[in-house]
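Enquirer: Test case, fold it:
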Amino acid sequence: MTTEAIHDSHDNHDGEHHDHKMTGLKRWLFTTNHKDIGSMYLWFSFIMFLTGGAMAMVIRAELFQPGLQIVDPDFFNQMTTVHGLIMVFGAIMPAFTGLANWMIPMMVGAPDMALPRLNNWSFWILPFAFSILLASFFMEGGAPNFGWTFYAPLSTTYSNGSTAFFVFAVHIMGISSIMGAINIVVTIMNMRAPGMTYMKMPLFVWTFFITAYLLIAVMPVLAGTVTMVLTDTYFGTSFFDAAGGGDPVLFQHIFWFFGHPEVYIMILPAFGIVSTTIPAFSRKPLFGYSSMVYATASIAFLSFIVWAHHMFTTGMPLFGELFFMYCTMLIAVPTGVKVFNWVATMWRGAITFEVPMLFSIAFVILFTIGGFSGLMLALTPVDFQYHDTYFVVAHFHYVLVTGALFSIYAGAYYWLPKWTGFMFDETLAKAHFWCSLISVNVLFFPMHFLGLAGMPRRIPDYALQFADFNKWVSIGGFAFGLSQLIFLWVVIKCIKGGEKAPAKPWDGAEGLEWTVPSPAPYHTFEKPPKID
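Expert: Predicted coordinates:
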């Protein structure tokens, strides 16, 4: 199907959009334009990020000093639960989907996503899912209080009555993710520009292609898990109730079979963004393009066979513990390939330190710290000591905050001039970077020591020996939270106007974003022609 034919078919289905007659609220409600939908995903994820961040502030305020001072333990548990759910499903995942919506059609040379109506729907069901989740705070019994991993029997026998709302919200989030993933797969497979073979696609496209397959594979598993929780709670089944012949450990197996690929769903797109920005600001093609593609695919495959490393303390057989330990350590190999390739790309490059590059370099260093603590957690005998302590909290926040979130910032700053037509305020953006970098390490690094000393996670009070570190962690937390408001300021200022962005905003670096021998399609970043 030629580009013209695709444009014609879009015109037939939604001529009103291409005529630009829709304005105001109607434009955003009914849009099928991948850029509009990408922007809505990004704004939604930022609102959710601030919401989840506010909950983290409640957690850190309570833990500022020993003793119960601000909230009662049940509300504290509701905060930890909803903070986790919102950050995973409401902030990180929609942000990556927004970047994919914006950039993938342009990177593969397509006029839009393959399924534009589905694209609209997959976004608009998300605000309703999170409204349901947040509304549970105002209901009798309060919000879910069983941790974002909702282990049975905490979420079944001992839940506080909001389980049905939680399950319904998770179902809607899952439907949104599956629809978005199908759209991305179809777009990449069917709408690449002539001559763009798979091994010529930009790495951002590759990582999202693989991520979309992970989503399609594991989201139904999550749906099955929450459905079993629902029937155990309200319909008298006993999937996870030992008294009725069920098994609470079965819950953990099913949940982590979803949960472990899920953590890679939240980091693989980050690899794609960093593989785009580092070559651009090193003014060199990416080192080892094909090895990066194969490493990404290997990580995705291995993510399906390591789930029980979250379960070393459940009493599994020795053979099982050894199998999951070695498989988990194996993931370090393709990840190490990636880190090596990023460093090799920077090696002897003509590097400049613009804001996207600062976030990318911080990503490589701090994500690697998260990787090393993950390797420690992979060792079965050692994990017995670390399990359910703040060491685990430190580990996954290094991966998800200084990993996934920093890469989202790198991508946002990198593409903002393309999106808005204006350059952002570099001084403010650098202030955002340095404030975030310093505060995030004050926030999460001491957690390693708290965990090694034995402080348990998800507990609103602690022994006096942990007081000093917790004070620093809380100060870092509040500083990090406030730093994110600088980003909001930068974005709003950039949208309103400023210095006009040149065709290649990053001073000749842009051409190297295509880490492939073939020239980029002519219309990569151009607006599609208006169709009468």
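Enquirer: Report pLDDT for residue 506.
Expert: Per-residue confidence at residue 506 stands at 86 (pLDDT).
Enquirer: now the one 3 residues further on
Expert: Among the per-residue scores, residue 509 shows a pLDDT of 54.
Enquirer: cool, and residue 517?
Expert: For residue 517, pLDDT reads 40.
Enquirer: oh, and call the first residue 56 from now on, that's how I've got it
Expert: In the new count, where the first residue is 56, that last one comes out as residue 572.
Enquirer: Quick one: low-confidence residue ranges for the stretch 56-205 of the chain.
Expert: By pLDDT under 70, the weakly predicted segments of the stretch 56-205 of the chain are 56-76.
Enquirer: At the geometric centre of this protein, which residue sits there?
Expert: Nearest to the mean C-alpha position of the chain, by Cα atoms, centre = their mean, lies residue 147 at 3.0 Å.
Enquirer: which residues sit in contact with that one?
Expert: Shown in contact with residue 147 (Cβ atoms under 8 Å, 6 or more residues apart in numbering): 100, 321, 455, 459, 460, 463. Any C-beta I mention is one placed from the backbone N, CA and C, and that applies to glycine too.
Enquirer: and which of the residues you listed is nearest to residue 407?
Expert: residue 463 (21.2 Å; Cβ to Cβ).
Enquirer: Now the closest one. Nearest residue, chain neighbours left out?
Expert: residue 150 (4.8 Å; Cβ to Cβ, 6 or more residues apart in numbering).
Enquirer: Burial check on the one you found, number of neighbours?
Expert: Using other Cβ atoms under 10 Å, residue 150 has 27 neighbouring residues.
Enquirer: so it makes contact with residue 96?
Expert: Yes: taking Cβ atoms under 8 Å as the definition, residue 150 is a contact partner of residue 96 at 7.1 Å.
Enquirer: List the residues that contact the residue nearest to residue 463.
Expert: By Cβ under 8 Å, 6+ apart, the contact list for residue 150 reads 96, 97, 100, 101, 104, 463.
Enquirer: Which members of the contacts of residue 147 define the maximum pairwise distance?
Expert: Spanning the widest gap among the contacts of residue 147 are 100 and 455, at 13.4 Å by Cβ to Cβ.
Enquirer: Next SSE downstream of the helix or strand harbouring residue 482?
Expert: Here residue 482 sits within helix 481-507, counting by DSSP states H and E. Toward the C-terminus, helix 481-507 is succeeded by helix 522-551 as the next helix or strand (DSSP H and E).
Enquirer: Now do the helices for the stretch 256-405 of the chain: every range, in order, please.
Expert: Secondary structure of the stretch 256-405 of the chain by DSSP state H, counting those that start in this stretch: the helices cover 258-289, 303-320, 323-337, 344-357, 373-385, 387-401.
Enquirer: Out of those, which is the most enclosed?
Expert: Ranked by mean neighbour count, the helices of the stretch 256-405 of the chain are led by helix 323-337 with a mean of 27 (mean count of other Cβ atoms under 10 Å).
Enquirer: name the helices or strands packed onto that helix?
Expert: The contact analysis (3 or more Cβ pairs under 8 Å, 6 or more residues apart in numbering; DSSP states H and E) places helix 323-337 against helix 148-163, helix 258-289, helix 344-357, helix 387-401, helix 410-433, helix 461-475.
Enquirer: would you turn those helices into TSV with distance to residue 327?
Expert: Output for those, formatted as TSV (distance: least, Cβ to Cβ, whole Å):
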stretch	distance to residue 327
helix 148-163	9
helix 258-289	3
helix 344-357	8
helix 387-401	11
helix 410-433	12
helix 461-475	8
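Enquirer: Looking at those, spot the one closest to residue 500.
Expert: Nearest of those to residue 500, taken as Cβ to Cβ: helix 410-433 at 8.3 Å.
Enquirer: Tell me what angle that closest one forms with helix 522-551.
Expert: In terms of direction (axes from the mean of the first three to the mean of the last three Cα atoms, to 10 degrees), helix 410-433 departs from helix 522-551 by 150 degrees.
Enquirer: next one: phi and psi at residue 444?
Expert: phi -110, psi 180 (degrees, to the nearest 10).
Enquirer: For stretch 195-215, measure first residue to last.
Expert: 9 Å (Cα to Cα, to the nearest Å).
Enquirer: residues in contact with that stretch?
Expert: The contact list for stretch 195-215, computed with Cβ under 8 Å, 6+ apart, reads 129-130, 132-133, 135-140, 143, 188-189, 191-192, 216-218, 221, 281, 284, 287-288, 294-296, 303, 306-307, 310, 314, 513.
Enquirer: now stretch 401-415
Expert: 328-329, 332-333, 335-339, 342, 416, 461-462, 464-466, 468-469, 479, 481, 484-485, 487-488, 561-562, 564.
Enquirer: Buried subset of those as a ChimeraX selection?
Expert: Only the buried entries of these go into this ChimeraX selection, using 16 or more other Cβ atoms under 10 Å:
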select :328,329,332,333,335,336,337,338,339,342,416,461,462,464,465,466,468,469,479,484,485,487,488,561,564
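Enquirer: and residue 478, how many neighbours?
Expert: Residue 478 has 16 nearby residues by other Cβ under 10 Å.
Enquirer: which residue packs closest to it, ignoring adjacent ones?
Expert: residue 554 (4.5 Å).
Enquirer: Quickly note the distance from that neighbour to residue 475.
Expert: As defined by Cβ to Cβ, to the nearest Å, residue 554 lies at a distance of 11 Å from residue 475.
Enquirer: Please say which of those two ends up with more neighbours.
Expert: residue 475 (16 against 12).
Enquirer: How much space separates that one from residue 248?
Expert: 25 Å.
Enquirer: what do you get for residue 367?
Expert: Distance of residue 367 to residue 248, given as Cβ to Cβ: 48 Å.
Enquirer: same thing with residue 366?
Expert: 46 Å.
Enquirer: if we can go back for a sec, which among the helices of the stretch 256-405 of the chain is found nearest to residue 163?
Expert: Per Cβ to Cβ, nearest to residue 163 of the helices of the stretch 256-405 of the chain: helix 258-289, 6.0 Å.
Enquirer: and that closest one, what does it pack onto?
Expert: The contact analysis (3+ Cβ pairs under 8 Å, 6+ apart) places helix 258-289 against helix 148-163, helix 218-245, helix 303-320, helix 323-337, helix 344-357.
Enquirer: Check what contacts the following helix or strand past the first one and list those residues.
Expert: Going back to what we said before, that points to helix 148-163. Following helix 148-163 in sequence order, the next helix or strand is helix 171-190 (DSSP H and E). The contact list for helix 171-190, computed with Cβ under 8 Å, 6+ apart, reads 65, 68-69, 84-89, 92, 95-96, 99, 103, 106, 137, 140-141, 144-145, 149, 156, 168, 198-199, 220-221, 223-225, 227-228, 230-232, 234-235, 237-238.
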